[in-house]
Every structure is written in C-alpha cells, then in structure tokens.
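> With the input below, show me the fold.
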Amino acid sequence: MRKFNIRKVLDGLTAGSSSSASQQQQQQQQPAAAAPEITETLQSEHFQLCKTVRHGFPYQPSALAFDPVQKILVVGTQTGALRLFGRPGVECHCQHDSGAAVIQLQFLINEGALVSALADDTLHLWNLRQKRPAILHSLKFCRERITFCHLPFQSKWLYVGTERGNIHIVNVESFTLSGYVIMWNKAIELITFLFFRSSKSHPGPVVHISDNPMDEGKLLIGFESGTVALWDLKSKKADYRYTYDEAIHSVAWHHEGKQFICSHSDGTLTIWNVRSPAKPVQTITPHGKQLKDGKKPEPCKPILKVEFKTTRSGEPFIILSGGLSYDTVGRRPCLTVMHGKSTAVLEMDYSIVDFLTLCETPYPNDFQEPYAVVVLLEKDLVLIDLAQNGYPIFENPYPLSIHESPVTCCEYFADCPVDLIPALYSVGARQKRQGYSKKEWPINGGNWGLGAQSYPEIIITGHADGSVKFWDASAITLQVLYKLKTSKVFEKSRNKEDRPNTDIVDEDPYAIQIVSWCPESRMLCIAGVSAHVIIYRFSKQDVITEVIPMLEVRLLYEINDVETPEGEQPPPLSTPVGSSNSQPIPPQSHPSTSSSSSDGLRDNVPCLKVKNSPLKQSPGYQTELVIQLVWVGGEPPQQITSLAVNSSYGLVVFGNCSGIAMVDYLQKAVLLNLGTIELYGSNDPYRREPRSPRKSRQPSGAGLCDITEGTVVPEDRCKSPTSGASPHKSDDEQKVNNFIEKVKTKSRKFSKMVANDIAKMSRKLSLPTDLKPDIDVKDNSFSRSRSSSVTSIDKESREAISALHFCETFTRKADSSPSPCLWVGTTLGTVLVITLNLPPAGEQRMLQPVIVSPSGTYACAILRMAFLDATGCLMPPAYEPWKEHSVPEEKDEKDKLKKRRPVSVSPSSSQEISENQYTQAKVISLPTQNCAYKQNITETSFVLRGDIVTLGNSVCLACFCANGHIMTFSLPSLRPLLDVYYLPLTNMRIARTFCFTNNGQALYLVSPTEIQRLTYSQETCENLQEMLGELFTPVETPEAPNRGFFKGLFGGGAQSLDREELFGESASGKASRSLAQHIPGPGGIEGVKGAASGVVGELARARLALDERGQKLGDLEERTAAMLSSADSFSKHAHEMMLKYKDKKWYQF
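Here you go, the predicted model:
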C-alpha cells in the first residue's frame, strides 16, 4: 500500500498558491512594465562638493594692506578671513583655521607672499604664487602678545612689537626668531624715563615700528604712553627719545628721514625734528577751535592714524582719520586731507577701520607722489582720487554692494537665455551715478582665469528696502546688472507719525520675501512682507503710467470654534452655492478708502497705499499689476508663503496660511479666491467647518466640496469675474457678520503686535511657522519639528500653501492627454490639482474668461514639485518668449511668438517628483497616480531646501538638510548619489538663502554681506583651478632712486644695512625656544599639487620639464666640452712626454 505523505501535500498547496499569486502580480504589473524604462546616466563619480568663490564685502573688516608693485589689495576680518583683490574679476578668499581676528597684514612687496598677524599672537606666512593661497609657516608667540609688525621693503627680517614693549625680529624665510631683542627698558633708558614720568615706569605696548627712510640702521619705536625712541641697531642703544603728554596712536616719516609726525589721543598732530628731541617743531589740532590769548585748543577725539606723503612739485599731503571735535554730535566719520593751506574733510557713510595711501614708488626714501587713498570702512571700500580737484572717488568695480540693504531672499538661475544679460546690462547702465573719477581703477594686479563655463548665470537678491538686484554670475565672477526699486509704486511716509495704522510691520514694510522669475519671458513677480504682490514686465522703452493697476483681495481663513456666548446661538448657516469668485473684483484705479465696521475695526484696507499720481517708469522692469491682501474684520492679512507666475497662461498665483488666490494679470481679474479648508470641501480630512459667511466676503463655493479625482465641476463655477454677476447677500448673513465681529472685538486688540511678531519670524525664514525647526539657543542644535502633527484645531488653522507649480500634465487617471493645470501643495499633507481652461491666444484671450476648476487631491506634504516626461527630461513650465509689449509686430511674427511652448509627454509614464513631509522624496507616475519610487532623505532632521536640477543631460534631486548635509538623488529611481556633511545650520539666514540650480551650482548667504558659491559637480571641481584668477604675476621691481653725484660723494644718500650680520645666528645667537613655537604649514606641498592640476598646470609642468631638459642638455654640453678640452690637454701632454723620452735609452730614465 502506498504511503500518504501529508508534508508533500502541504508543500504542493503552498507552491500552488504562491505560483498563482505570482501570476496575479505579474498580470497586475504588466501595464506598468509596458511603460518605457528611463535610463539614468548619473553616477556617484559625477558628484563632488567644493567651494568655488565668495562674493561681497568682507564681513567685519579689521586690517588692510597693499602691494604697490603687484597692485594687489588684501583685507583681513575679525573672523580670521582674508580677501585679496586684484583687477576687477580677480578675487580670492582665504581663511585662518583658528578664526582669530586679523590685527595686521604685511606684504612681502613683489615677492608673492603675505604675513598676517592674528589676535591669538600667531604670525602666518601665506604663499600667493598659487591660485589658492596657502600657509607656508606659522609662528606662535607663547609669552608675549603681538601689537604691531613692520617689514622693511626688500628685507627678510620682520620687526614684531609686543604688549610688554619689547621688539623681536623674525626671519621671514625660515620663520624663526633671531636672538636680537630690543627690550623696552633699554629703549627708553629707564632712569631718564622715571625722571620725566614719575607716575609709572612702563611706557606701554608698542604701537609703531619703522626704520628711517635714509638710514636703515635707525629704528623708530613708538610706545602707547607717548614716548618715541630712535634706536641704533648697530650700537644697540637709543640715540634720541621724544616724549609727549598724550598717548600715541600712529607715527609717519617724511621721506628725507629728518622729520616724523605723530598722532595723539587728544586730536593733535606733533611734528618732530629727528635731532631736536626736546619739543616738537609744530603742534597742529586739525579740527580744534583755536582759542584767543594763546591758550591751548580744546581737546578733540583721537586721531587714529596719520600718513605723511611728499610730492616733487608741491606741498606734502597729511592724511588722517578721526580727530573731530567733541561737539560734533551725530556727525559722520571723516577722513581729513591736508595739502598745503587747504584742508578737505571727506565724510564717510560708515566708521573708518583703516586707510592706506597709494604712491607711485615702493621706496620710502623717494618722493612718494600719492595718487589715491584706499579707505576701509565698516561696510564699504572707498578709493579717493588725490590727483583731481574735489577728491572724487573711483567707481568700485567689485561686487561689494550686496548688503547695501539687508538681503531677505535669494534665487540662482544657470543656463539662462544668451540675450538676457546684455538686455539687463543695457538698462542697468543708465542707473549708474555720475561724478566718479575719470581714471581707471588703480588696483589692477593679477590675471583672469581661463573660464571653462560658457553658460550665462544670474543671481537675484531681494532686499529689506524693497529693492531687487540682478547680478551677472557667469564664470565664477559677479557684477551687478540692474536694480529695481519696488517701493516706487507706494506712497512713502516721511516719519513714523505719518505712517498709516494699517502697517503690519514696524520696519521695512517693502521687504522682499519671495521672487518668482521666468527668464525666457522676462516676467518678474515679487511678494513682499506687507502681503503685497507686484507683477513686472520687461521693456526697453520709457513709459508714464497714469494709473497704476491694482487689485485688492480678501483672503481670510476661519474655523468653527466655541466663541458663542451662553444663551445665544447664531442661526444655522447655509453655504452659498455658486462660483468661488463670482463676485466681480474690478481692477481699482486708486487705493480703496479705509472702511471700518461699527466697532472701529479696520476692514477691507490694504497695508500699503498705492500712489495716485502718474508714475514715470524707466527702461527695465515696469509695473504691470499690484495685488494687495486687505485687512478683514480687524485682522491683518497673513504673509505670503508661496508664489508662482506663468507667462504662457498670463496667470499669477499665491497662497498663505489663509488660502490661495489666482489672478489673471492680462485681464486684471481675480480668478480664484479660496480659504484653505475650502480647497477640501466635504472631503476635508480634518473635519473643519468654515465660519461663513464673513463680512463683505466673497461667497465661497460649496460646489468645491467634492474635488476628489473623478468629480465633475461645472465650468461656470470658477469663471473669470468678467463672466458673471455676484449674488446678493441676505439680511441674515449681514446680522451674523455683525454678531461675529462684536464677539471678536476684545480678542483682536493686539492684532498688530501679533502681526509684527509673525512678520519678524517670517523674515527670518521664508517658510510657514509650522515648518521652522525648533532651535536650542544654548547649543545651536536642531531637533526635528513635530509641529506638523494634526492634533488640534490650532495646528490646522495654520495650514499654509507651501508649493505652487504650473505645468501641462495629467489631472485625472482617465486622462489620455495633458492639459494646463496648477499643482498646489499644503503643509498638512495635501496636493490639489486645479485645471486651467484657457481661451485661444490673441484677442480672445483678452475677452474670454479663464475657467478654473479643481480636479483632484493627493496626500503628501510638499516642499518642491517638478515633472519629468517619458524620457526622464525635466519639463519646464510653459512660457511665452519675451517681446516688446508696446511695439506692434508683423502678423507672422506675432503669431509665432504667441504659440506656447510644446510639451511632449507620454500618457503612461510622466513622472511627478515631490518631497514628502520634508523628510521623504516620492516619484509618482501619472496619470495612474501610483507611487513608483520612495526614498527617506533623513531620519533625524528635515529638508530645508530641495530643487530638481539638471546636470549634464540628466536630472537629479538636490537637498540641503538642517543637520548640514547636502545630498543628491537620481531621478526617477531616487538612488542616493551624494551625501556630504557640509555646513551646520547655525543661522536662519543660511536656510532662507540656500538654493540649488542647474549644472551643479549652489549658493547661500554666508554672512550678512557675503555670498558663498559652491558646486556639487565633479567636472566643475576639476576645472576650477583653471577658472580661478592668478594673484601673482611676474613684474620687475622699479629702480631705486638715484642718489646723485654730490649725495654719493658726501654721504647724503640712504644708508644701507647688512641685517644678516646683525640678526643672524652667528652674531645674535639663538632665541629662547619657550618664546615662540614654529609650526610648518601645508602650503608648500598643496601649492605644488594645486598648480599641477588642470590644463594650465599641465602646460606649466611641461614647460618646466622642457626647461629642465634644456638645462640638463646645456649642462651635458658643457660637460662634454670640458671632457673634450681635458682629452685635448691630455693628448698634448702625452705627445710632449713622448718627444722628451723618444731618443733616451732605458738606462737614462
């Protein structure tokens, strides 16, 4: 009998069920598999993150230096940064690792090197002969604090003054200390000093060191207390000592070496003869009031610095900073130029940090011939022309005006249309100020790099004063193109008392929050902090706008809560049926008058007042339409959180925490005006009920209650305002409105104060309040925000529109062809699709209404959206090419321009990419709406910025997270390609301004005055060395001044000094090891590696190899010639020996 095996039967059943299940899965996956697969070409090796360049004014400057031969300027900052400037377009940023403040800078003139002294008592030697300067040596002082440094021209010995009053000498070549030390007690001769100053014995820190221009063996040492000593380096003693009652701030020599000038803390200048130490030859108080009876002038503020420069043909220049009278309260900082009998006082916009006089010669013992003064201000760099009357300033070619008004938002566009930059430059050239010096910019050292990037790049910055600046950022340079002032359309109050009481912010009411720009059509749209939107059109012609077009939009979102008093119940409210915007809102020619309810609440008034008078608009961006959100029932409008404009459709859409509004800027009409909950209708997942109707509010459509996929919406539901009339409101509705306003009166007394707080928070980070990370002030650490959880009505009431995207795509599953639509994302997890039914182009577009109808919802919170076609290429929104709006075109040309950009889409495989809940990325297939791919971007943080960008011929997703990581993912598979820890988020400025763009470029505002650009492209990193400019160029040092026959005969010329004999180890011995510690830097090896990379490096290396080969061949030739000569002489010597012993016998030897 056959045995029955129950185990095999169960195995068979299991196998059968699994096979049937797999067959069903294969059948279900067949339609999806039919879609063509997208080949992804991007790999991890295509990505590398590195900084490229830094633009803008150095933040918190502290020191200044200039190389008069190389024509290079360097600025040091309080954060340890160095910015080197050559000719326009040649800049370089370096950073000390310690981050200590830079207190002084000294060039090794025409040597391609720089010495920096830091506040942590460290000296660094920088190598400038490479494109990225690096530190060669460092010297850390352990027992004394550095206060002043001096490096004589063409010397390798650096004098270092300290807080104790001593002077040490450093060999710059080896960066080691000499055994030669000038002690303070020997310099001032302590017994003599005590006789004159019995109060204290120490003269204070060293504030000045310089050698006599005519005698290098004489060193002038200035101490803070007012004592100056002339030290003889050879005899090691002081020849003369000069004392004054006031503290010294700076000292300067006359080029003949017979006089010097000191600046003091009481606003006086003292001029001394070298051989007359008893008293100064002359005492000057430049800004002091001269009193009668020969009394001493009134004391003034300290003169912080003075320079004494001579000319061959005229009087010397005495240039000083500070020294103003104490009674000049509120006067701006000044630079004073004294030339002969004339004194010019030049007012500056900011405090003076330092200044330098640029002279024709680097030799201190020759006539200086000054031609300009570089003034380093707290927030600016000014160059004054000394050769022209009135001392005009040079036009600054560097991009140092980024912070002219604080930057509030930033956008970056790469690969723009080629004609865009010339167009912006042509209109921006008319904005330049007049009155600059006619001479060329004198700081013109270095050479430009070989730019490998050929595509145009534009950066747009929005500012707190309402201005928008366009910058040409091509080839890692930056140049301002055009500046737009958006505040020109509004009435400005002269003082705070004249301000309207509708302001929702106390300061900067015109500040820019969001910029939406279409480079192809040149349409620009901005959203401001006062809940206003302005649409601009580009034109090359002047225009006078008699009446500024304006629309006012009431956008308020309320939910039902228990505010009803006891015993009173409002009547049941019936939701009106009809269009969401059927009440017409005609464009207003003038600002609406302020209307108030019976309780005095502000209602139906905008925050800003548009000008009534005609507005002259210059070529460039000209106002097309002004849209303002208005106060509703005493509550201010919420700030705008998202904005999008589309030139092909002629539409602009914006949203905030209250709702969404869509405007047809061609017809100047509001198409859509919905509260946030009205977007959901009856399918609201949070079960919120609108408190409706509101006072003077447009009826919101209950017909929008069913907007899930497949719902049919009548076309007349969301028509343009020109297409229908508004239904009249019932008396019951008016009573309810009055009742609600009375109940809410007390709770709204502090509405403006709350609005100000919201405005300040919103300006810190242009994200909705719920999305801001929780910041721990103590350790600047970030924890992931949990505020997006929907657990209370309070959270729901702050739902904001977070993403808007126009596209031609599928709106429903059953669609077979794409259609124009708007995708809307909110912060609480909803994506809605609004279909756009556009009239034909031409005259009908201006007459027929645009029909707007919501058609579906999807659940995922959105930060960024984009669309791919069937081949994996990024689908940009449709646009209409730019044309001059007021110039009539030929008929054929007009028809050609009005055609919209064609969009090629496969019905079964268009992809939609979005970031879900700021921690995930999803790829959704359209029109099936299936989630094709999903990726968790971060588990412990959240995404601050995400952009879908093109790199090469492919597309990727680039993200910047709050934990400092920069990541990229392939599309559509969301495969991780790059994950680098780059920058911890320690400031909301970084979050507000960080942005990615195409071709692997990104930027952010690294400080209030500087933009840092970076790249995540491996190709750009490899070519970066070639693109950077060269700071050092071979230049011959000018010839030394001719001493003349009689000076050479009688010894009247400059006396040289063999410093090696004095300071070398053989003469002065070794310095104490505990005094300073030598730290070798990485600059030597890294400099060779950096110079050897790229094509230029290869050429340089090949040239070097050829030179070495030629040298070796030359050496070989010389050696060969020497061997031939040696062989010749040997042959002659051998022949002579042979002749000598030819006839001798062997026994005669």
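> Show me where the stretch 401-550 of the chain has its helices.
420-428 (DSSP state H, counting those that start in this stretch).
> Could you do the stretch 101-250 of the chain as well?
Under DSSP H, counting those that start in this stretch, the stretch 101-250 of the chain gives helices at 184-188, 190-196.
> Now the weakest link among the ones you listed, please, by mean pLDDT.
Lowest mean pLDDT within the helices of the stretch 101-250 of the chain: helix 190-196, at a mean of 49.
> Quick check: closest non-adjacent residue to Thr477.
In this structure, Thr477 finds its nearest non-sequential neighbour in Gly89, 5.0 Å apart by C-beta to C-beta, 6 or more residues apart in numbering. Yep, even glycine has a C-beta here, placed from its N, CA and C like the rest.
> List the contacts of that neighbour.
Trp448, Thr477, Gly1029 (C-beta atoms under 8 Å, 6 or more residues apart in numbering).
> Show the buried residues in those residues.
Trp448, Thr477, Gly1029 (16 or more other C-beta atoms under 10 Å).
> any idea how far the second one lies from Val418?
It refers to Thr477. To Val418, Thr477 is 17 Å away according to C-beta to C-beta, to the nearest Å.
> and what of the first one?
The spacing between Trp448 and Val418, counted by C-beta to C-beta, is 21 Å.
> try the last one
From Gly1029 over to Val418 the distance is 24 Å, taken as C-beta to C-beta.
> ok, for Lys131, nearest residue in space, not its chain neighbours?
Using C-beta to C-beta, 6+ apart and skipping the chain neighbours, the partner closest in space to Lys131 is Leu1028 (4.3 Å).
> Could I get the pLDDT score of that neighbour?
90.
> which residues touch it?
With C-beta under 8 Å, 6+ apart, Leu1028 has these contacts: Val53, Cys92, Lys131, Arg132, Gly449, Ile476.
> what about it, distance to Thr1020?
12 Å.
> Okay, now the unreliable bits of the stretch 251-400 of the chain?
For the stretch 251-400 of the chain, the stretches with pLDDT under 70 are 292-294, 328.
> same question but for the stretch 801-950 of the chain, I mixed them up
For the stretch 801-950 of the chain, the stretches flagged by pLDDT under 70 are 855-861, 885-917.
> so where do the helices sit in it?
Under DSSP H, counting those that start in this stretch, the stretch 801-950 of the chain gives helices at 843-847, 891-898.
> Tell me which stretches of the stretch 451-600 of the chain form strands.
With DSSP state E, counting those that start in this stretch, the ranges of strands along the stretch 451-600 of the chain come out as 457-463, 467-472, 479-485, 512-518, 523-528, 532-539, 543-545, 550-553, 595-596.
> Dump these into JSON lines; add distance to Ile271, mean neighbour count and mean pLDDT as well.
Converted to JSON lines, those look like this (distance: least, C-beta to C-beta, whole Å; neighbours: other C-beta atoms under 10 Å; pLDDT from 0 to 100):
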{"stretch": "strand 457-463", "distance to Ile271": "47", "mean neighbour count": "24", "mean pLDDT": "96"}
{"stretch": "strand 467-472", "distance to Ile271": "47", "mean neighbour count": "22", "mean pLDDT": "96"}
{"stretch": "strand 479-485", "distance to Ile271": "44", "mean neighbour count": "20", "mean pLDDT": "95"}
{"stretch": "strand 512-518", "distance to Ile271": "53", "mean neighbour count": "22", "mean pLDDT": "95"}
{"stretch": "strand 523-528", "distance to Ile271": "57", "mean neighbour count": "25", "mean pLDDT": "96"}
{"stretch": "strand 532-539", "distance to Ile271": "60", "mean neighbour count": "23", "mean pLDDT": "96"}
{"stretch": "strand 543-545", "distance to Ile271": "61", "mean neighbour count": "13", "mean pLDDT": "91"}
{"stretch": "strand 550-553", "distance to Ile271": "66", "mean neighbour count": "21", "mean pLDDT": "94"}
{"stretch": "strand 595-596", "distance to Ile271": "72", "mean neighbour count": "13", "mean pLDDT": "52"}
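> Which neighbouring elements make contact with whichever strand or helix holds Glu1026?
Assigned by DSSP states H and E, Glu1026 falls within helix 1018-1027. Packing partners of helix 1018-1027 (3 or more C-beta pairs under 8 Å, 6 or more residues apart in numbering; DSSP states H and E): strand 47-56, helix 1094-1140.
> which stretch in the ones you listed has the least confidence?
It's helix 1094-1140: among these, that one has the lowest mean pLDDT, namely a mean of 68.
> can you redo the buried ones among the contacts of Gly89 as TSV with distance to Val670?
As requested, the buried ones among the contacts of Gly89 are exported to TSV (distance: C-beta to C-beta, whole Å):
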residue	distance to Val670
Trp448	51
Thr477	43
Gly1029	52
